[in-house]
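Chemist: Coordinates for the following, if possible.
(3 chains)
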Amino acid sequence: MAIPLEQILIQTINGIVNGMILALVASGLTLIFGIMDVVNFAHGDLVMLGGFVGAATIATTGNFWLALLIAAVVIAVFGAALQVTTLRPLIGRDPLTTILATFGISLVLQKYAIWQWGPSARRIQEPITGNFNLFYLQYPWYRILTAVLAAVIIGALYLFLRYGKYGIWIRATTQDRVMAQAMGIPVPVVHTAVFAIGAAMAAASGVLFGPLGGVTQNIGLDFTLRAFIVVVVGGMGNLGGSILASIFISLLEAYAALIVSPAQAVIVSFVALILTLLFRPTGLFVPTPK
Amino acid sequence: MRRSNTAYWVGFCIVLALLIVAPMVLPEFWRRFVTEILIWGLLAMSSDILIGYTGMISFGHSVFFGLGMYCAAAALLTVKPPNLWLALLYGLAGAAAVATFVAFFATRLREIYFSITTLVFSQIFYVIIFTWTEVTGGENGLAFSQPPFSIPGIWSARFTPETLHWFVLAVVTLSFLLLRRVTQSPFGMVLQAIRENEPRARAIGYSVERYKIVAVMLSGVFAGLAGVLYALQNKFAAPDFVFFLVSGEVVIFNVMGGVGTLVGPVAGAAFFLLLREGFSRYFTEYYLIPVGIIFTAMVIFMPQGLLGFAKRRLNQ
Amino acid sequence: MLTLDGVHTYYGKSHILHGVSIEVQPGEVVGLLGRNGVGKSTTLKTVMGLVRPSQGTVTFEGRSIGGMAPHHLAHLGIAWVPEERRIFRLLTVMENLRTGLDRAGITEAKRKSMLDKIYASFPVLAERQSQAGGTLSGGEQQMLAIARAMMLEPKIILLDEPTEGLMPRMVGQISEIIRMLHREGVAILLVEQNVPLTLDASSRVYIMEKGVVRHHAPAADLRANHAVIHQYLGI
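Modeler: Now for the predicted structure:
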């Protein structure tokens, strides 16, 4: 069964595009885990909420870019509030408790979304329509734009962490929370800020993903699951690793979708997770610790 | 110690008596409700072995439950006349097989990774059940008829709602007694030692891997049993019950009721189902919003669950 | 300036400090000696707010600080140089210093002068400015840990076993650094196992045993009277 080359190429690009969106979600998740040992079960639901807020903004203003900005800000604030009320009291407790707490939050958020916006999917119009010619086929510009935007946001995050004033605070807190406090760094505030940043990135993904897959309540669990897989395969707390893993996993799924149905292609990423946990538990893209 | 033990068994007998009488006095809807609490309670108990006693949070119990359900369905659909014991056998065997598979991972992965992996399993399983329509009926599931209660060669009688309830009650009670025996045994003590401080348990010389494997097998088999009971009660098997949410709900039962108490999770199941019943009157399908909030609040403020909370109150 | 009075501290169920009372005056160098495990580090950690005292009071400049968060204490003027140094290994030397330097109210000019001064005192750090903290040698890391603490312009530095694991030549350098800090008017609460260094640098010394202060004397007395040292430290 020969698969035409164009299809493979198209799937490659699709894989990269999806991978970049996933990378945006996963980097937030891995950042949060790295700095406060919180496995945020509700992270995918933040993506979903971002999508809905974005859709609502577009419905009233018609401006995609405004929607992107507003969704990011609103969800960032929401995320900060969430962290302060539900996660701060859990610091120092068993890390599995945070999974349970964020799981509870995830349930509430999912049902809230249905209550607030109804069960039907929302559509977000892409800001640039039109396709360009890729071999004999048409490929949408928007998809390329999505990948570029995601890359820009992640790049900005990297620069901020590396060179920004507060970037040092975040990196120090991630490495040694106690010593960071002893140096006068207000660690609780840093935690909240990082959570908010992760939430903002998740929300942005939700809006970017909107024109591609629609906005429904189900995408929450889907993104959470995929993001978990990516974070584990890429190495927990490892930003670069999760980006590579996102693209890797998305490519695998894209290629698998050529052979089986998309619903079943998901299994590929699950298998990747299991294999990683068995053979390279610290992550596929992490140099082997000495 | 003695005094609280007697109090415990007195309480147990009272509850048991109430449950026996229940189908005779309750309207059908509530009778079914109580039977369901028992089944979910069994599922929650099985999960407690892992969460409360060994310290491994499994988000994958829907797999064992679902396998029990679907394998029982397989037995009831493929072998004529439908045989109760065969259904039980198929269901338990299926659950045990998967439990072995999961047990393998349990020994190699630490806490969070184990939890995430069980979550992933749960979803893989769901996808398989959902898409393998020829075998599992896909979205629509499988419908079958209830087998009679039969002792081969001697007697056979169809279940009535009351007798089915008693059958379920008997199975669940026996399971509870068995599990209780296990958790109070030296084996159970070692499991708790593993939960408290795994490296130390290992240092003392316990083969932690072996204990974990047995714990997972035990947990999986009883979860499968719950699945078989559910299939018997409802006469169908559907992918909904294999969806991750079921695993999540089980964890909720455990936490709400109090992990590590065996009785707690059953109480948690009852509490959750009652809340759901009550809230759906006012919130319809959004009952999960207030229930979810209550759950999250309990994780933060009442981590020892209802039972732990009650225990503390009583001790004061 | 810093007073601990009857402080009891627990780690979980372990009762580590059984009523510790210690005092440090402004600009003083006070030594805290004792065998391993008597609670010297715990005493420092209690002051730094890393462990909460279950009983007793900790007062700094007249204000009760028991239970305050560590980052507030750093702003009040208490700096901590822990036993394991705890350099931020993945941050550069410069970035390590910045964790203390990047504070409100520090002008660009002040930053420059502070950095110049610290690099003058610790030339090796100037050389290794852009290197990751984890690549420094033990002695260099110790200097970085102290330099980093100095970036906070503290009124008191809690120094936990600065000479541990260092070569003799470096021990001398640490001694010199302590003298320098003293000249600048920074108080030091020095926990050490190196008795001669401690007696030399401190004006007063406390000796701890099993979570309590057993002996307290001016360093001069202890220098003259070795028997006490021998009794509590077996040296």
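
Chemist: residue ranges of the strands in chain C, please?
Modeler: For chain C, the strands defined by DSSP state E occupy C:2-11, C:14-24, C:29-33, C:53-60, C:63-64, C:78-81, C:156-160, C:187-192, C:204-209, C:212-218.

Chemist: now chain B
Modeler: Going by DSSP E, chain B shows strands at B:142-143, B:149-151, B:155-157, B:236-237.

Chemist: Off-centre distance for the second one?
Modeler: In terms of C-alpha atoms, centre = their mean, to the nearest Å, the gap separating the centre of strand B:149-151 from the centre of its chain is 24 Å.

Chemist: Tell me where the model's unsure across chain A.
Modeler: A:1-2, A:134-136, A:285-290 (pLDDT under 70).

Chemist: ok so, going back, could I get the strands of chain B as TSV with distance to residue A:226 and mean neighbour count?
Modeler: Using the backbone N, CA and C atoms, a C-beta is placed for each residue, glycine as well. Below are these laid out as TSV (distance: least, C-beta to C-beta, whole Å; neighbours: other C-beta atoms under 10 Å in any protein chain shown):
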stretch	distance to residue A:226	mean neighbour count
strand B:142-143	30	17
strand B:149-151	46	15
strand B:155-157	51	11
strand B:236-237	28	22
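
Chemist: pLDDT on stretch C:196-205, on average?
Modeler: For stretch C:196-205, the mean pLDDT works out to 90.

Chemist: how long is it end to end?
Modeler: As for stretch C:196-205, its first-to-last residue distance stands at 12 Å under the measure C-alpha to C-alpha, to the nearest Å.

Chemist: what separates that stretch from the chain centre, distance-wise?
Modeler: Remark: stretch C:196-205 is offset 14 Å from the chain centroid, using C-alpha atoms, centre = their mean.

Chemist: just to revisit the earlier point, return the most buried member of the strands of chain C.
Modeler: For the strands of chain C, average neighbour numbers computed from mean count of other C-beta atoms under 10 Å in any protein chain shown are highest in strand C:78-81, which has a mean of 28.

Chemist: for it, packing partners?
Modeler: helix C:138-150, strand C:156-160 (3 or more C-beta pairs under 8 Å, 6 or more residues apart in numbering or on different chains; DSSP states H and E).

Chemist: So for chain A, which of those sits nearest?
Modeler: helix C:138-150 (7.0 Å; C-beta to the nearest C-beta).

Chemist: which other residues reach the closest one?
Modeler: With contacts defined as C-beta atoms under 8 Å, 6 or more residues apart in numbering or on different chains, helix C:138-150 is touched by A:183, C:79-82, C:85-87, C:93, C:96-97, C:99-100, C:118, C:121-122, C:124-125, C:128, C:133, C:136, C:157, C:159, C:162, C:165-167, C:170, C:173-174, C:177, C:181, C:186.

Chemist: Drop anything exposed from the residues you listed.
Modeler: A:183, C:79-82, C:85-87, C:93, C:96-97, C:99-100, C:118, C:121-122, C:125, C:128, C:133, C:136, C:157, C:159, C:162, C:166, C:170, C:173-174, C:177, C:181, C:186 (16 or more other C-beta atoms under 10 Å in any protein chain shown).

Chemist: what's the residue closest to the geometric middle of chain A?
Modeler: Per C-alpha atoms, centre = their mean, the C-alpha nearest to the average position across chain A is that of residue A:25, at 0.8 Å.

Chemist: how about CSV for the strands of chain C, with distance to residue A:156 added?
Modeler: Output for the strands of chain C, formatted as CSV (distance: least, C-beta to C-beta, whole Å):
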stretch, distance to residue A:156
strand C:2-11, 42
strand C:14-24, 46
strand C:29-33, 48
strand C:53-60, 41
strand C:63-64, 42
strand C:78-81, 34
strand C:156-160, 38
strand C:187-192, 43
strand C:204-209, 51
strand C:212-218, 54
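
Chemist: which SS class is the residue of the stretch 151-290 of chain A found nearest chain C?
Modeler: Proximity of the stretch 151-290 of chain A to chain C (C-beta to the nearest C-beta) peaks at residue A:184, 3.4 Å away. Three-state call for residue A:184 (DSSP: H, G, I helix; E, B strand; the rest coil): coil.

Chemist: The residue nearest to it when sequence neighbours are not counted: what's it in contact with?
Modeler: Excluding its sequence neighbours, the residue lying closest to residue A:184 (C-beta to C-beta, 6 or more residues apart in numbering or on different chains) is residue C:74, at 3.4 Å. Contact analysis of residue C:74 by C-beta under 8 Å, 6+ apart lists A:181-184, C:80, C:152, C:154.

Chemist: Going along the chain, name the strands of the stretch 151-290 of chain A.
Modeler: Per DSSP state E, counting those that start in this stretch, the stretch 151-290 of chain A carries no strands over any range.
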